[in-house]
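Visitor: please find the sequence and the predicted model below.
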Amino acid sequence: MYHFATNTLFLLLVCHADGLLFRFNLCYHTPGKTTQFPAICVIYPYSAQPRRAERRLMKAIICTRYGPPDVLQLKEVAKPTVGDDQVLINVQATSVNAGDRHLMRGDPFLVRLMFGLSKPKQPILGTDVAGRIEAVGKNITQFRPGDEVFGDLSDSGFGAFAQYVCTSEKALTQKPASMTFEEVAAVPSASVTALQGLRDKGGIQSGQQVLITGASGGVGTFAVQIAKSFGAEVTAVCSTSKIDMVRSIGADHVIDYKREDVTQGQQRYDLILDAAAYRSIRDYQRILQPKGTYVLIGGSMKNLFQAMLFGPLLSKTSGQKIGNMLVQPNTQDLRFMRDLLESGKVKPVIDKRYPLREVPQAMRYFESRQAQGKIVITVD
């Protein structure tokens, strides 16, 4: 008769991947002879192996084809591995921007030419990011694990609608200690767009009369506050329900576009920052000073192409500066905004917060154009 038995006691050596590693001798008995040979086994507590797998996965919102918010799905995907020139961020919060909507819809068609004809090459959307650095590549010098950061990923492959994302250190800066992750997640794309439109393209100066349309949106709420920080007198245009909020962030004058057509008024402006394109460029020229500047940063693609095509011609014939602006993400401007935030001159306006799993609902709300300020996504 043959049978197996263990010889001596189990000897515990080490803990191994959530399990216990044992080494022992296994005895093999035959009539008149006993043979011993070494054996090893790993005993896992209940559900230990699933936990190992979970650490290699993360939750993310995936966009596998262009379309309405319903194309966005919460899935488990591989957690990214940090490269030599990258940092790995444990995402705490992100926010919704117009660029995310364009990538989701694949509209205008130029988006498809740049990011994939039939579906996004990068299926995880998300531009703004705020979180903690979990790991750094060997060539990283500015950050270390544990640093709290925020930034704009639009030049680094997007990917903020997820629990983790890898990106270049050039996309990030340190988070103000006095602000929450949700607050700083609202800042990068919208605030830098407003800053570059007013300062770089618009040449804003203290004492100027500045008109901001779409003043209650993500970019507009930052634009009002940034213009005030430069010493301008700000007239803001928004809808009836948002007047109180826009006035509360510093606008000197607020016009309800549903009741009054600002382009028919008597006031002339040195700088118009158009974040909504309620009216045509020619309409805005009527209320622009002879040497004034009009900068289009939002609204319909029709108005955008008009500004691109006819802006240079209108500028030459009128003496006014007419044009549009495409934001150029960079950490220098992000640090400039961080200084304004820390000084209290600028505060992000957050309308609603959604958990990661509800990004489709957040996108629907964004497309409704009802948001006052920013829509923030919290990541568990």
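Guide: Now that the structure is in, tell me what you want to look at.
Visitor: just confirm Gly323 is within a strand.
Guide: Yes: assessed with DSSP: H, G, I helix; E, B strand; the rest coil, Gly323 lies in a strand.
Visitor: my guess is it meets Leu296, correct?
Guide: Yes: the pair Gly323 / Leu296 is scored as a contact, 7.2 Å apart, by C-beta atoms under 8 Å. In this view, the C-beta of every residue, glycine as well, is placed from N, C-alpha and C.
Visitor: overlap in contacts, these two.
Guide: Shared contacts of Gly323 and Leu296, defined by C-beta atoms under 8 Å, 6 or more residues apart in numbering, comprise Ala307.
Visitor: so between the two, which is more surrounded?
Guide: Of the pair Gly323 and Leu296, Leu296 is the one with more neighbours under other C-beta atoms under 10 Å, namely 26 against 18.
Visitor: tell me the confidence at the more buried one?
Guide: The model reports Leu296 with a pLDDT of 94.
Visitor: ok, it - contacts?
Guide: Listed by C-beta under 8 Å, 6+ apart, the contact set of Leu296 reads Asp274, Ala277, Ile281, Asn303, Leu304, Ala307, Gly323, Asn324, Met325.
Visitor: over to Arg144?
Guide: Ile133, Val136.
Visitor: where does it fall, secondary structure wise?
Guide: Here Arg144, judged by DSSP states H and E, is contained in no helix and no strand.
Visitor: begin at 34 from here
Guide: Sounds good: first residue 34 from here, last item Arg177.
Visitor: beta partners for Leu90?
Guide: Legend: beta-bridge partners of Leu90 under DSSP bridges are Ala111.
Visitor: model confidence for it, exactly?
Guide: We have a pLDDT of 96 for Leu90.
Visitor: that one: what's it in contact with?
Guide: Counting by C-beta under 8 Å, 6+ apart, Leu90 touches Glu109, Val110, Ala111, Lys112.
Visitor: next, count neighbours for Thr296.
Guide: By the criterion of other C-beta under 10 Å, Thr296 has 19 neighbours.
Visitor: and the residue positioned nearest the centre of the chain, what does it touch?
Guide: Geometric centre of the chain, nearest residue: Asp161, 1.6 Å, by C-alpha atoms, centre = their mean. Applying C-beta under 8 Å, 6+ apart, we find Asp161 in contact with 127-128, 130, 183-186, 193, 218-222.
Visitor: between these, which is nearest Met91?
Guide: When the contacts of Asp161 are compared for distance to Met91 (C-beta to C-beta), Ala193 wins out at 12.4 Å.
Visitor: pretty sure that closest one sits against Val162.
Guide: Yes: the pair Ala193 / Val162 is scored as a contact, 4.1 Å apart, by C-beta under 8 Å.
Visitor: which residues do the two both contact?
Guide: Val124, Thr127, Leu186.
Visitor: ok, Val328 to Ala131 distance?
Guide: The gap separating Val328 from Ala131 is 16 Å, by C-beta to C-beta, to the nearest Å.
Visitor: more neighbours: these two, which one.
Guide: Taking other C-beta under 10 Å, Val328 and Ala131 do not tie; Val328 has more neighbours (24 against 19).
Visitor: which SS state does the more buried one fall under?
Guide: On the three-state scheme (three-state DSSP), Val328 is labelled strand.
Visitor: what's the answer for Gly331, then?
Guide: Secondary structure, three-state DSSP: Gly331 is coil.
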